[in-house]
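# Just need the structure, nothing else, for what follows:
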Amino acid sequence: MEQSRRVAVDPPETSASVALGPQLLGWRYRPDARDWDIPRLLEIAEPPESIRQMTVEQVLTETPYFSDWRAYLVFWRWLKTQRAPRTTRDSAPAWELPIQLDQGQTGHCVGFGWAGWVDATPVAGTYQNADAHALYYECKVIDGEPGRENGSTVRSGALAVRERGRLAAFAFAHTLAEIDEWIDTQGSIVVGTMWTADMFDPDENGFVRPTGAAAGGHCYLMLDRIEDEDAYLFQNSWGAAWGQGGRFKMRRGDFDGLLQDRGEACCAVELPH
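Okay, the predicted model is just below:
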């Protein structure tokens, strides 16, 4: 059964869906050589295999695993993913997201992409539109451009969320294999890619195609891999009137093209709150 969703409690004066265009696109690409890769992140995302057959008492007395307080939180998060494993039989997204955000006529998509990540399971949050706008402005402080309305980066969004104590670490996936592993087992993924003119209008089945002229960079949230359609499911932040209740799909091959064209897919380990 399709999961029930509710719109944010603080709707914008004018929904993003009312006037689609480049003004909604606020993702900027800025790589950093210090970024982690996915194998390193997975060391944090779940407890090592060596301790999973041990009792908690054994882990505490025989290993240094719980010497850092973050390890307790990551361990708790991992237990939640084990209690509610993903299923392909349910039409609801693998990582449920009950709140539909709407960025209004702003380019604050990075703040909204990360607010959606906070709201999504396995550690569900309650961020509303105001929280997403606040995150955007926190990103701009990190960018060294306080208050500017010129977009931001996925990395700045991750750093802003980390400053709020909501994530332990993050890394960028570079291949579909890495993305598939994360989306299947760990959680949702914040992505930033170019957005083209034809992507503003999903087809009758909810698919967008990255064709037409480039319109700008956009940040959005990946929720699921749809195996029988060879596609991914995404949550946008343009209100429930856009796409399929605010969501859209994209063929994996099409997304790979965007990813390889200076796109980003940020995987992060969320901390319980």
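# State which strand of the protein is the longest.
strand 214-226 (DSSP state E).
# Mind exporting the C-alpha coordinates of that strand to PDB?
Coordinates of each C-alpha in strand 214-226 appear next as PDB, following Å, rounded to 0.1, in the frame of the first residue of the first chain:
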ATOM      1  CA  ALA A 214      20.600  22.700 -19.400                       C
ATOM      2  CA  ALA A 215      18.600  24.900 -17.000                       C
ATOM      3  CA  GLY A 216      20.900  24.800 -14.000                       C
ATOM      4  CA  GLY A 217      21.900  22.600 -11.000                       C
ATOM      5  CA  HIS A 218      19.400  21.000  -8.700                       C
ATOM      6  CA  CYS A 219      19.500  19.100  -5.400                       C
ATOM      7  CA  TYR A 220      17.000  16.400  -4.700                       C
ATOM      8  CA  LEU A 221      16.600  13.100  -2.700                       C
ATOM      9  CA  MET A 222      16.900   9.500  -3.800                       C
ATOM     10  CA  LEU A 223      14.500   7.200  -1.900                       C
ATOM     11  CA  ASP A 224      14.500   3.900  -3.700                       C
ATOM     12  CA  ARG A 225      15.800   1.600  -6.400                       C
ATOM     13  CA  ILE A 226      13.000   0.200  -8.500                       C
END
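# Can you give me the buried ones in it?
215-226 (16 or more other C-beta atoms under 10 Å). C-beta here means a position set from N, CA and C on the backbone, and glycine is covered the same way.
# Next: stretch 247-254.
Of the residues in stretch 247-254, 247-252, 254 count as buried by neighbour count, 16+ other C-beta under 10 Å.
# Of these, just say which sits nearest to residue 154.
residue 250 (17.2 Å; C-beta to C-beta).
# and residue 256, what does it touch?
residue 176 (C-beta atoms under 8 Å, 6 or more residues apart in numbering).
# element containing it, please.
Using DSSP states H and E, residue 256 maps to helix 252-260.
# Can you give the distance from that helix to the centre of its chain?
For helix 252-260, the separation from the chain centroid amounts to 16 Å (computed by C-alpha atoms, centre = their mean, to the nearest Å).
# what angle do it and strand 214-226 make?
130 degrees (axes from the mean of the first three to the mean of the last three C-alpha atoms, to 10 degrees).
# quick one: the nearest residue to residue 29 once chain neighbours are set aside and residue 142, what's the gap?
Closest residue in space to residue 29, ignoring its immediate chain neighbours: residue 262 at 4.9 Å, by C-beta to C-beta, 6 or more residues apart in numbering. Remark: distance between residue 262 and residue 142 (C-beta to C-beta, to the nearest Å) = 20 Å.
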